[in-house]
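could you look at this predicted model? Sequence included:
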Amino acid sequence: MLQIAFIRENQEKVINALAKRNMDAKGIVEEVVQLDEKRRATQVELDNTLSESNKLSKDIGDLMKAGEKSKAAILKEKTVLLKEKSKALGESAVALANELTEKLYTLPNLPADIVPVGKTPEDNLNVFEEGEIPVLHEGAQPHWELVKKYDIIDFELGVKITGAGFPVYKGKGARLQRALINYFLDKNTEAGYKEMQVPHLVNEASAYGTGQLPDKEGQMYHDATDDLYLIPTAEVPVTNIFRDVILNESELPVKYTGYTPCFRREAGSYGAHVRGLNRLHQFDKVEIVRVEHPDNSYAALDGMVEHVKSILQDLKLPYRILRLCGGDMGFTSALTYDFEVYSTAQERWLEISSVSNFETFQANRLKLRFKDKDGKNQLAHTLNGSSLALPRVLAGILENYQTPEGIVIPEVLRPYCGFDIID
């Protein structure tokens, strides 16, 4: 959530920055500022009324001590009116504050200066590419055919048990999935990230804290009975560890990693590009989350990008990195780099990771602060990244490593799998 003081003092800057997201924010920004002015004026009037009431109460006490009961009675009548007024002003101040918060929730984060202008994924900027695209043998197949051939993932069985988008991993497919999770966690912990196991359901406050609500309400699975949400990513519970927390500056940076299943409704996703593992309602992902000093967060973002690069280099998968344009960035992000792996059998790039800096956007919602050297509380910066999302990594391995004899396992994963080939 954007800070109201910043919006108030930088209205044109906010409007111009959100234009990079192809958003005409002039109306909402003006409405937010007017609401804030009204809220602050009401609060000042409330404070003055309470102050006057307190002064009268003191005067009444002095008059009673002096035996001037009639004068005290007149003042008591005034205090009754002041109390009624202060109650009405208090209710109005709360209502205005709530209305202001709801308006602020509708404003996305401001894009960083280096975010490219653009409206669609085609406008994203390719900033890095590495790895040779393999030449596959004649008759090579996409992963949804390979998994049938080798009986390692069953999409139809998932439909029977739950519905489309909930695959069942079998035999070597399940072991390869587990190997990837363990490998990713090991890579992250070796890089200094502390492993966390977190709940897979969160309350409404947690979903608001990291920005999934209200922006992504229609994409989250919701249990109305207990008012809990299935997580779309481990980012949500891991980052919410720090909701309403004040850290010492010496505790920064904080680096956490966690594995969770992820649940997304993916409403409106249809077509050939969502076949097989390309788009699921339930999938596994390993996440990295950082809490940083504002001065260090962009260096930390670069470090996270290099870390994800090292994983893909180990897997020997061809990949590229895109700096997302304003129109393709997530609601909460100030700057995002997407990693895509090349699927040779599908002849297309598949997104496998997003690494983002949210600056103070999430921290402001979370009330996540740190005490600086002068003893003042400041909002921290939060960052997160996939390292990695499994379905499309698995699809890339199955397709790029296929041979006429079977699917060769990347060398780095063989100690985790216990086998060298799926045949």
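Looks like it arrived, so ask away.

is the residue of the chain most remote from its centre within a helix or a strand, and which one?
Residue farthest from the centre of the chain, counting by Cα atoms, centre = their mean, is Gly67 at 65.6 Å. If you go by DSSP states H and E, Gly67 is not part of any helix or strand.

distance of it relative to Lys58?
Taking Cβ to Cβ, to the nearest Å as the measure, Gly67 falls 17 Å from Lys58. In this view, the C-beta of every residue, glycine as well, is placed from N, C-alpha and C.

next: Lys65.
Distance from Lys65 to Lys58, by Cβ to Cβ: 11 Å.

so where's the stretch 151-300 of the chain shaky on pLDDT?
In the predicted model of the stretch 151-300 of the chain, residues 267-273 satisfy pLDDT under 70.

how about the strands of it, start to end?
In the stretch 151-300 of the chain, the strands defined using DSSP state E, counting those that start in this stretch lie at 153-154, 168-169, 194-195, 201-203, 222-223, 228-230, 246-248, 254-263, 282-292.

number of residues surrounding Lys194?
By the measure other Cβ atoms under 10 Å, the count of residues near Lys194 is 12.

quick check: closest non-adjacent residue to it.
The spatially closest residue to Lys194, leaving aside those adjacent along the chain, is Tyr256, at 5.4 Å (Cβ to Cβ, 6 or more residues apart in numbering).

partner residues bridging the one you found?
On the basis of DSSP bridges, Tyr256 is bridged to Lys194, Val289.

which stretches of this protein form helices?
Ranges of helices within the chain are 4-9, 11-19, 26-65, 69-105, 143-150, 155-161, 172-190, 204-209, 235-239, 297-315, 361-366, 390-400, 414-417, based on DSSP state H.

so can I have a markdown table of these showing distance to Glu340?
Shown next, in a markdown table, are the helices of the chain (distance: least, Cβ to Cβ, whole Å):
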| stretch | distance to Glu340 |
| --- | --- |
| helix 4-9 | 34 |
| helix 11-19 | 26 |
| helix 26-65 | 33 |
| helix 69-105 | 31 |
| helix 143-150 | 16 |
| helix 155-161 | 23 |
| helix 172-190 | 17 |
| helix 204-209 | 28 |
| helix 235-239 | 20 |
| helix 297-315 | 10 |
| helix 361-366 | 25 |
| helix 390-400 | 9 |
| helix 414-417 | 24 |
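
make TSV from these and add distance to Thr336 and mean neighbour count to it.
Listed next are the helices of the chain as TSV, based on distance: least, Cβ to Cβ, whole Å; neighbours: other Cβ atoms under 10 Å:
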stretch	distance to Thr336	mean neighbour count
helix 4-9	21	15
helix 11-19	15	17
helix 26-65	23	15
helix 69-105	20	14
helix 143-150	26	19
helix 155-161	30	14
helix 172-190	19	19
helix 204-209	19	19
helix 235-239	13	26
helix 297-315	9	18
helix 361-366	12	25
helix 390-400	17	25
helix 414-417	29	15
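
any idea which of those gets closest to Met196?
Set against Met196 and scored by Cβ to Cβ, these come closest in helix 235-239, at 5.8 Å.

name the helices or strands packed onto the closest one?
Other helices and strands packing on helix 235-239, by 3 or more Cβ pairs under 8 Å, 6 or more residues apart in numbering; DSSP states H and E, are helix 204-209, strand 254-263, strand 282-292, strand 381-389.

off-centre distance for the last one?
Relative to the chain's own centre, strand 381-389 is displaced by 8 Å; criterion: Cα atoms, centre = their mean, to the nearest Å.

can I assume Ala191 is in contact with Val308?
No. With contact defined as Cβ atoms under 8 Å, Ala191 does not count as touching Val308 (10.4 Å).

overlap of the contact sets of these two?
Shared contacts of Ala191 and Val308, defined by Cβ atoms under 8 Å, 6 or more residues apart in numbering, are absent.

so for Asp328, what's the nearest residue that isn't a sequence neighbour?
Distance criterion Cβ to Cβ, 6+ apart; nearest residue to Asp328, sequence neighbours excluded, is Pro121 at 5.2 Å.

please apply the same query to Leu394.
Among residues not flanking Leu394 along the chain, Leu277 sits closest, at 6.1 Å (Cβ to Cβ, 6+ apart).

distance check, the closest residue to Lys149 other than its chain neighbours against Lys148.
The shortest distance from Lys149 to any non-neighbouring residue, by Cβ to Cβ, 6+ apart, is to Gln141 (7.2 Å). According to Cβ to Cβ, Gln141 and Lys148 sit 9 Å apart.

phi, psi of Leu213?
Dihedral angles of Leu213 (phi, psi; degrees, to the nearest 10) stand at phi -110, psi 140.

return the distance of the nearest residue in space to Phe6 that is not next to it in sequence relative to Ala164.
Once flanking residues are discounted, Phe6 sits nearest to Val14: 7.5 Å by Cβ to Cβ, 6+ apart. Distance from Val14 to Ala164, counting by Cβ to Cβ: 41 Å.

can you check Glu145 too?
Counting by Cβ to Cβ - Glu145 and Ala164 are separated by 17 Å.

over to Ser333?
Taking Cβ to Cβ, one finds Ser333 at 29 Å from Ala164.

shouldn't Gln219 be in contact with Pro232?
Yes. Gln219 is in contact with Pro232 according to Cβ under 8 Å; the separation is 6.9 Å.

more neighbours, these two?
The neighbour comparison of Gln219 against Pro232 (other Cβ under 10 Å) goes to Pro232, with 22 against 14.

who's in contact with that one?
Contacts of Pro232 by Cβ under 8 Å, 6+ apart are Gln212, Lys216, Gln219, Met220, Cys262, Phe263, Arg264.

out of the residues you listed, which is nearest to Lys20?
Within the contacts of Pro232, distances to Lys20 taken as Cβ to Cβ reach their minimum at Lys216, with 20.8 Å.
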